[in-house]
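In: Coordinates for the following, if possible.
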Amino acid sequence: MKSAPSVYSDALALPRSRLSDYVELTKPRVSLLVLFTVAAGFLLASPTTPDMILLVHALVGTALVAAGASALNQLLERHSDALMERTEDRPLPSGRLHPVEVLLFGLAMGTLGLVYLAVATREPWCVLVAAFTFASYVLVYTPLKSRSTLNTLAGAVPGAMPPVIGWTACGGPLGPQVAVLFLLLFLWQVPHFLAIAWIYREDYGRAGLRMLTVDDDRGTLTARHMVLYCLTLVPVSLSPVILGQAGWGFAAGALAVGMAFLASTLGFMRARSVAWARRVLHASLIYLPVILVLLLLQPR
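Out: Numbers count the residues shown, from 1 in each chain. Reported below is the predicted structural model:
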């Protein structure tokens, strides 16, 4: 018979385990990057002294929307997740959570996030952008992954929306400046996600997901897309100088990190190996925060 302390520990283990499973549904590491870009968009659209309380509200609301979208994404992908080594232990394919409770959780979090943004920011465009992001991620990108290699481009659209949510949360006008932010993230995502797709292409193939890398055995198309989108990203990253958002110091920094990112994709084009795909991935994870921080450091 178990001792009292052992019984007490077991009683705590179940809710703690379920809590960790629900946290895993929200993809917290991805959410942190999303929230960083929301904050960047908010601060770039703010006056000299930003409203930090409003920023917190924007982050909380977006975090709830992102949590709901991630949960519903895992619900729809539970069968393919069960066929991939890197995702087979997620709460749904492992059987630790039931599909119905994940459905209710995802819908509740997404709805709560949109209502929270509406009440806290009182900015209709912010709510509309967040709703579009949620719907396009769950209803377009997720099902497209098993149907078309265009899923990466489709997923890059909601993936580029978080800074627009932040921008509109503080009443920033829709125009060329926020369009540049959107384009930066859209273009950045293609080599970023293609690097991931190359690293895990065998997993994706087993799961029947139509990633570009699955049928691209030699990596030729994958490498071309990486280089093409990085080449386009470099001049787009210099647009803030033309729009008067940044000076030549920013241009020098943006050009430096952009060329480093491009160099990693050219390295992948030469070798087309997992090792070089990881270098592209690491370069992308350096590029994005650096370019956004450089923008934030510009005098306004």
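
In: Please make it C-alpha for all contacts and neighbour counts, starting now.
Out: Noted.

In: Where does the prediction get shaky in the stretch 1-150 of the chain?
Out: Residue ranges of the stretch 1-150 of the chain with pLDDT under 70: 1-16.

In: try the stretch 151-300 of the chain
Out: 300.

In: Tell me where it has helices.
Out: For the stretch 151-300 of the chain, helices defined by DSSP state H, counting those that start in this stretch occupy the ranges 151-159, 162-169, 176-199, 201-207, 220-237, 239-242, 248-271, 274-296.

In: can you list contacts of the second one?
Out: Read that as helix 162-169. Identification of contacts with helix 162-169 by Cα atoms under 8 Å, 6 or more residues apart in numbering yields 34-35, 37-46, 54-55, 58, 62, 121, 123, 125-127, 129-130, 173-174, 178, 181-182.

In: let's see 7 Å
Out: With Cα atoms under 7 Å, 6 or more residues apart in numbering as the test, helix 162-169 has contacts from 34, 37-42, 45, 58, 121, 123, 125-126, 129-130, 178, 181-182.

In: the inter-axis angle of that helix versus helix 176-199?
Out: Counting by axes from the mean of the first three to the mean of the last three Cα atoms, to 10 degrees, helix 162-169 lies at 150 degrees to helix 176-199.

In: Pull helix 162-169 out as PDB, backbone CA atoms only.
Out: Backbone C-alpha positions of helix 162-169 (Å, rounded to 0.1, in the frame of the first residue of the first chain) are rendered in PDB as follows:
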ATOM      1  CA  PRO A 162       1.500  39.700 -35.600                       C
ATOM      2  CA  PRO A 163       3.400  43.000 -36.100                       C
ATOM      3  CA  VAL A 164       0.300  44.400 -37.900                       C
ATOM      4  CA  ILE A 165      -1.800  43.400 -34.800                       C
ATOM      5  CA  GLY A 166       0.600  45.400 -32.600                       C
ATOM      6  CA  TRP A 167       0.700  48.300 -35.100                       C
ATOM      7  CA  THR A 168      -3.100  48.600 -35.200                       C
ATOM      8  CA  ALA A 169      -3.500  48.000 -31.500                       C
END
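
In: roughly how far out does it sit from the chain middle?
Out: Offset of helix 162-169 from its chain centre (Cα atoms, centre = their mean, to the nearest Å): 14 Å.

In: And the first one, by the same measure?
Out: Mean C-alpha position of helix 151-159 versus that of the full chain (Cα atoms, centre = their mean) differs by 9 Å.

In: so what does that helix touch, helix or strand wise?
Out: helix 176-199 (3 or more Cα pairs under 7 Å, 6 or more residues apart in numbering; DSSP states H and E).

In: distance of the residue nearest in space to the middle of the chain from residue 95?
Out: Note on the chain: the residue nearest the mean C-alpha position is residue 159, at 4.9 Å, using Cα atoms, centre = their mean. Using Cα to Cα, to the nearest Å, we find residue 159 at a distance of 29 Å from residue 95.

In: Ok, residue 175 next?
Out: Counting by Cα to Cα, the gap from residue 175 to residue 95 is 46 Å.

In: which residues touch stretch 285-296?
Out: The contact list for stretch 285-296, computed with Cα under 7 Å, 6+ apart, reads 40, 44, 246, 250, 254, 257, 261.

In: May I ask you to confirm that the third one is in contact with residue 239?
Out: No: the pair residue 246 and residue 239 fails to qualify as a contact (Cα atoms under 7 Å) at a distance of 8.8 Å.

In: OK, contacts around residue 132?
Out: Contacts of residue 132 by Cα under 7 Å, 6+ apart: none found.

In: May I ask which helix or strand encompasses it?
Out: Assigned by DSSP states H and E, residue 132 belongs to helix 124-135.

In: Name the nearest residue to residue 208, sequence neighbours excluded.
Out: With sequence-adjacent residues excluded and distances taken as Cα to Cα, 6 or more residues apart in numbering, residue 208 is closest to residue 146, at 6.3 Å.

In: That neighbour reaches residue 211, doesn't it?
Out: No: counting by Cα under 7 Å, residue 146 stays clear of residue 211, with 8.2 Å between them.

In: Compare those two and say which one has the larger neighbour count.
Out: Shown here are residue 146 and residue 211; by other Cα atoms under 10 Å, residue 211 has more neighbours (25 against 17).
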